[in-house]
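**Q** would you be able to build a 3D model of this:
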Amino acid sequence: MITRTYCPLAILLLLWSLTGVALAQTRTQPITIGLFGDTAYSQRERELLPELMAEMDSEDLAFVIHDGDIKSGGSVCSDEAFLDILGVFKASRHPLVYVPGDNEWTDCHRHSNGSYDPLERLEKLRTLFFPDDKTLGQRQFELTRQSRNPAFAAYRENVRWETAGVVFVGLNLPGSDNNYAGAQRGSGPSKEFQQRSPVVGLWLTQAFARARAIQAAGLMVVIQANPGFEAAAAGKAHPGYKDFLNQLRQETLAFAGQVVLVHGDSHQQQINQPLRDPATQDLIANFTRVETYGSPWMGWIKTTVDAKDPKVFRFEARPFQAKSFHKN
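**A** Prediction:
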């Protein structure tokens, strides 16, 4: 009988290599996630929100994403309103990633919203919802925040993470034309827009670069705003989204995998392919837009992510059926 002896270091290296293989395989295994947003707007929606969350909690999801607008555009932007929804998000059984919407910062100058300073409200959102480098929810995982770079320390809401052979990126790109004019409509680009827009553009560039570097099968971009694909196709692109759409188009054309843009804002749940190649006007086949449900409709999009599937992303609209009824 031949006996072999292994030094402890060799055994450790062997175990480490096997663990690395197992982790690599796990990272490319299919996952299922949940997408929702534009809720809660009314008192009734707020009462039903825990039921919607419970419905997603009952599924075997890797994580859920809320693509902005945690309140209506006419309700008060108070700390109490923010903390209320934050409590719901923290109670999620799954890790939860939140991207801010216009109703909770850019529109807070409105009298009906409490005449807040939008930039002060954005800072409050950053403090409450993005206090560290982890997701919200009872289970958490680590995110890469743009704020890790000291040059962009303020932009904690811009995030990136990788799993299942796909790169996910969240951007602070809200409705109300991306705060292009701020509170002063018709006065040209606001200072805030001019500062944030190139930072967001850089984060998107880096997300695509990362996806190419790891040969990701797909990339999912999450924003709050409907950037106006139809208006852009008609030559009437909104100024706050023109650069974003141009960049998204060029990056997608240069990417071998599938690209999905998830957004809310216009409250018309839809899944389609609205992005066109400017040279040919043909639809860009590797791009899909997913708009989540929005008030007064509640629901979520169950999404399967499978790097071995040619389409990578599969979507199933799940309209919410309340088990209880609450009067307004």
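**Q** name the residues that touch stretch 199-208?
**A** For stretch 199-208, contacts defined as C-beta atoms under 8 Å, 6 or more residues apart in numbering pick out 146, 152, 155, 158, 160, 167, 169, 171-173, 219, 221, 243-244, 247-248, 251, 254-255. C-beta: built from backbone N, CA, C; applies to glycine.
**Q** if we go to 7 Å?
**A** Under the contact criterion C-beta atoms under 7 Å, 6 or more residues apart in numbering, stretch 199-208 has outside partners 146, 152, 155, 158, 160, 167, 169, 171-173, 219, 221, 243, 247, 251, 255.
**Q** kindly write the PyMOL command that selects the buried subset of these.
**A** Per 16 or more other C-beta atoms under 10 Å, the buried members of those correspond to this PyMOL selection:
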select buried, resi 146+155+158+160+167+169+171+172+173+219+221+251+255
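**Q** just name the closest of the contacts of stretch 199-208 to Arg121, please.
**A** Nearest to Arg121 among the contacts of stretch 199-208: Asn172, at 12.7 Å, using C-beta to C-beta.
**Q** mind checking pLDDT for that closest one?
**A** pLDDT, Asn172: 98.
**Q** next one: Gln321
**A** Gln321 carries a pLDDT value of 86.
**Q** that one belongs to a strand, doesn't it?
**A** No - per DSSP: H, G, I helix; E, B strand; the rest coil, Gln321 lies outside any strand segment and is coil.
**Q** ok, which stretches of the stretch 1-150 of the chain are strands?
**A** Assigned by DSSP state E, counting those that start in this stretch, the stretch 1-150 of the chain shows strands spanning 31-36, 64-66, 96-98, 144-145.
**Q** deepest-packed of those strands, please.
**A** strand 64-66 (a mean of 27; mean count of other C-beta atoms under 10 Å).
**Q** number of nearby residues for Arg139?
**A** Residues lying near Arg139 (other C-beta atoms under 10 Å) number 12.
**Q** avg pLDDT for stretch 104-119?
**A** 97.
**Q** residue contacts, the residue nearest the centre of the chain?
**A** Nearest residue to the geometric centre of the chain (C-alpha atoms, centre = their mean): Val222, 3.1 Å. With contact set as C-beta under 7 Å, 6+ apart, Val222 has these partners: 65, 67, 99, 170, 262.
**Q** hmm, which helix or strand of this structure has the shakiest average pLDDT?
**A** Among the helices and strands of the chain, helix 8-27 carries the lowest confidence by mean pLDDT, DSSP states H and E, at a mean of 37.
**Q** all helices for this protein, in order.
**A** 8-27, 43-57, 79-90, 118-129, 175-178, 191-213, 229-233, 242-253 (DSSP state H).
**Q** a markdown table for these, including distance to Pro278?
**A** What follows is these, written out as a markdown table (distance: least, C-beta to C-beta, whole Å):
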| stretch | distance to Pro278 |
| --- | --- |
| helix 8-27 | 35 |
| helix 43-57 | 38 |
| helix 79-90 | 39 |
| helix 118-129 | 33 |
| helix 175-178 | 21 |
| helix 191-213 | 18 |
| helix 229-233 | 10 |
| helix 242-253 | 7 |
